[in-house]
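Student: Got a predicted model here, sequence first, then my questions.
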Amino acid sequence: MKIEVWSDVMCPFCYIGKRRLEKAIDELKLEDIEIEYKSFLLNAELKTDPNLSAKQELANSKGMSIEEVGQMFSQVTDMAKGEGLNFDFDKSIVANSINAHRILHLAKQEGKQAEVKELLLKAHFEDGKNIDDSPTLQALAEMAGISKDKCQDVLNSEAFSQDVKADIQKARDIGVKGVPFFVLGGKYAISGAQSTEVFKGALEQSLAEGL
């Protein structure tokens, strides 16, 4: 069965939802599951700024106080801990994710998309790396077995820009309002970082229908 996942590297719930889906697949001992990650931009106009804290950026963009954002980040960090993830928003670098999405399309072409997706999410949410920085993207791609040269060729061009736009357009066409958004077998949709049990139920139903 194929599962399409619209998500953004900058979305904490996308990382949490990813873990919960993986846990559901593991607990059901499923094989032959293909996961394809689709591009989605929470803020296409976001300016990469290593000098701006993630807390301040969200406060600015949402019209919230620093205290409110801090409480939100604390809740999300606790939620992530429940899935074995160690978020550190104090280290997170504000970065536009378009280039990261283009590298994810390169990774898909190279058969390494799952590995690069995981590395990008960990780099942003746990390691405080700038996922709009070319050397960082090259290093992450190389960790997954993709040559730095191929990565640099993409970053020095507009390669895969149309693929990113096509993913975003398809999301609009099927009514995606936010991410993560999962489509199982081309038929069943799950919106948000639902519980592992919800994912298990949807997977079982999809498989029962031969999707």
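Tutor: Thanks, I have it.

Student: Figure out how far stretch 57-74 is from the centre of its chain.
Tutor: 21 Å (CA atoms, centre = their mean, to the nearest Å).

Student: Then stretch 136-156?
Tutor: The answer for stretch 136-156 is 18 Å, by CA atoms, centre = their mean.

Student: i'd like the first residue to be 17 from this point on
Tutor: Okay, residue one is now 17; in that scheme the one you just asked about reads as stretch 152-172.

Student: where exactly do the strands run in the chain?
Tutor: Ranges of strands in the chain, per DSSP state E, are 18-23, 50-55, 65-69, 109-110, 197-200, 204-207.

Student: what's the fifth one in contact with?
Tutor: The contact list for strand 197-200, computed with CB atoms under 8 Å, 6 or more residues apart in numbering, reads 17, 19-23, 33, 37, 56, 187, 190, 205-208, 215, 218-219, 222, 227. All C-beta atoms are positioned from the backbone trio N, CA, C, and that covers glycine.

Student: cool, the last one as well?
Tutor: Under the criterion CB under 8 Å, 6+ apart, residues 190, 192-194, 196-200, 214-215, 218, 221-222, 227 lie in contact with strand 204-207.

Student: Next, work out how far apart Val192 and Leu74 are.
Tutor: Separation of Val192 from Leu74 (CB to CB, to the nearest Å) stands at 21 Å.

Student: now swap in Lys107 and tell me
Tutor: Separation of Lys107 from Leu74 (CB to CB): 15 Å.

Student: what about these two, which has more around it?
Tutor: Leu74 (19 against 14; other CB atoms under 10 Å).

Student: What about Ile82, how many residues nearby?
Tutor: 12.

Student: Quick one: residues contacting it.
Tutor: 71-72, 75.

Student: who wins for most neighbours among these?
Tutor: Neighbour counts for those, by other CB under 10 Å, peak at Lys71, which reaches 20 neighbours.

Student: just to revisit the earlier point, mind checking which of the contacts of Ile82 land in helices?
Tutor: Secondary structure from DSSP state H places 71-72, 75 of these in helices.

Student: what's the closest of those residues to His140?
Tutor: Checking the ones in helices among the contacts of Ile82 against His140 with CB to CB, the nearest one is Lys71 at 14.6 Å.
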